[in-house]
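Visitor: Sharing a sequence plus its predicted fold:
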Amino acid sequence: MEHMKYKIVGGVTTKDEEWIIEKTLGALDRICDSIIVYDDGSTDKTEEISRSFKKVDWHVRPKHNPLKREEAKQRLELINLLRPQEPDYVILLDADEILTPSIIPFLDKMDDSTTWKIRQVQLWTDEDHYRTDQYDPFITNFHGKYPLFKFDPTYPYTYNLNVQKGGCSPYHPAPTNLPGKISTTDDFYLIHYGMIGDFYTSGEKHKFYAQIESLSNRGTYQQRLNHHIYHKRMDNLKTTPVKREWFWNDIK
């Protein structure tokens with residue numbers, strides 16, 4: 001591990017992520033003392049790959065209706081799995097998210113903030129391009145995430161437990177009731193691979209999400225499906241070449 005100043009524990013949510021999980025865990029392995037992988041019923045090689053990492057502590061959610069995504073409940077369950085590790089900081093990621101290598105020097109010079117908002121780079125088409133239309137991570141009012149926060153094992157963290165899918169906290173994926181100072185940093189970014197995976201590019205993810213959202217009273221199935229298809233094919237979609245320093249050169 002390249003970082004020793006704080007005890008850092010990763011928390012990763014997974015389901016059928018054999019296509020990306022080795023890359024994700026390979027990066028976390030460089031910066032975390034241990035990693036909790038919280039799986040939601042994978043039937044592929046996600047477990048086998050995850051368990052090949054010595055730092056991984058593998059957990060499986062109780063079986064439930066997959067169309068009741070229970071994202072907020074899953075986040076809270078993951079927080080409770082992290083407590084016994086007593087970390088100084090935690091990093092919460094989905095399996096298709098990887099932090100840039102520049103997080104390593106950042107971790108050694110963190111200020112007294114509790115949580116950090118970072119820019120999310122949305123890969124598109126392949127690993128060499130990212131979206132710069134409405135998903136442009138470098139605009140002023142950017143869409144960001146809060147994956148890194150200071151952890152208090154005794155603090156009663158909460159989420160909006162009514163959320164089935166999507167942001168279940170204003171500091172997603174961190175809890176909603178974070179104490180202390182919240183800052184924005186450009187020292188590292190989050191690279192999102194989800195939209196270059198087969199589940200997304202095939203259109204199957206659109207159908208799955210539309211089912212979940214219609215059952216959550218967010219519109220009809222067709223309305224939600226049309227919404228996801230539009231954001232995949234929108235007329236003003238633009239991409240830009242990535243910067244190679246965003247990637248871990250020795251992790252394929």
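Guide: Thanks, I have the structure now. Numbering: from 1, shown residues only.
Visitor: Tell me the bridge partners for Val37.
Guide: Applying DSSP bridges to Val37 gives these bridge partners: Val12, Trp58.
Visitor: er, Trp116 actually
Guide: Here Trp116 sits in beta bridges with Leu148, Ser183, going by DSSP bridges.
Visitor: Wait, it touches Lys181, no?
Guide: No - Trp116 is not in contact with Lys181 according to CB atoms under 8 Å; the separation is 9.8 Å. The C-beta positions use only the backbone N, C-alpha and C, and glycine is treated the same way.
Visitor: Neighbour count for the two, which is higher?
Guide: Using other CB atoms under 10 Å as the criterion, Trp116 and Lys181 rank with Trp116 on top: 26 against 12.
Visitor: Let me know the pLDDT of the more buried one.
Guide: Looking at Trp116, its pLDDT is 96.
Visitor: residues in contact with it?
Guide: By CB atoms under 8 Å, 6 or more residues apart in numbering, the contact set of Trp116 is Tyr146, Leu148, Phe149, Ile182, Ser183, Thr184, Thr185.
Visitor: Distance of it relative to Glu97?
Guide: Noted for Trp116: a distance of 15 Å to Glu97, by CB to CB, to the nearest Å.
Visitor: got it, and Tyr189?
Guide: Using CB to CB, we find Tyr189 at a distance of 10 Å from Glu97.
Visitor: Quick check: chain neighbours aside, which residue is closest to Phe142?
Guide: Among residues not flanking Phe142 along the chain, Arg119 sits closest, at 5.6 Å (CB to CB, 6 or more residues apart in numbering).
Visitor: meant to ask about Thr239
Guide: Nearest in space to Thr239, with sequence neighbours left out and distances taken as CB to CB, 6+ apart, is His129 at 4.1 Å.
Visitor: my read: the one you found touches Val242, true?
Guide: Yes - if you go by CB under 8 Å, His129 and Val242 touch, sitting 6.5 Å apart.
Visitor: okay, now the domains of this protein?
Guide: Per automatic domain parsing, the structural domains of the chain span 8-197+237-246, 198-233.
Visitor: First residue to last residue on the last one, what's the distance there?
Guide: Meaning domain 198-233. End-to-end distance for domain 198-233, by CA to CA, to the nearest Å: 16 Å.
Visitor: what about the strands in the chain?
Guide: With strands called from DSSP state E, the chain shows them at 8-14, 34-39, 56-60, 89-94, 97-99, 115-124, 126-131, 144-150, 182-184, 190-192, 239-241.
Visitor: got the angle between the lowest-mean-pLDDT helix or strand in the chain and strand 115-124?
Guide: When the helices and strands of the chain are scored by mean pLDDT, DSSP states H and E, helix 221-233 comes last with a mean of 83. Interaxial angle of helix 221-233 relative to strand 115-124 (axes from the mean of the first three to the mean of the last three CA atoms, to 10 degrees): 80 degrees.
Visitor: Next, the buried residues of helix 221-233.
Guide: For helix 221-233, burial by neighbour count (16 or more other CB atoms under 10 Å) applies to Arg224, Leu225, His228.
Visitor: Please apply the same query to stretch 111-131.
Guide: By 16+ other CB under 10 Å, the buried positions in stretch 111-131 come out as 113-124, 129-131.
Visitor: Check stretch 139-148 too.
Guide: Gly144, Lys145, Tyr146, Pro147, Leu148.
Visitor: end to end, how far does that stretch reach?
Guide: Terminal residues of stretch 139-148 are spaced 21 Å apart (CA to CA).
Visitor: circling back: need the contact list for the residue nearest to Phe142.
Guide: Arg119 sits next to Pro137, Phe138, Phe142, Gly144, Asp186, Tyr189, Leu190 when contact means CB under 8 Å, 6+ apart.
Visitor: I appreciate the help and will end here.
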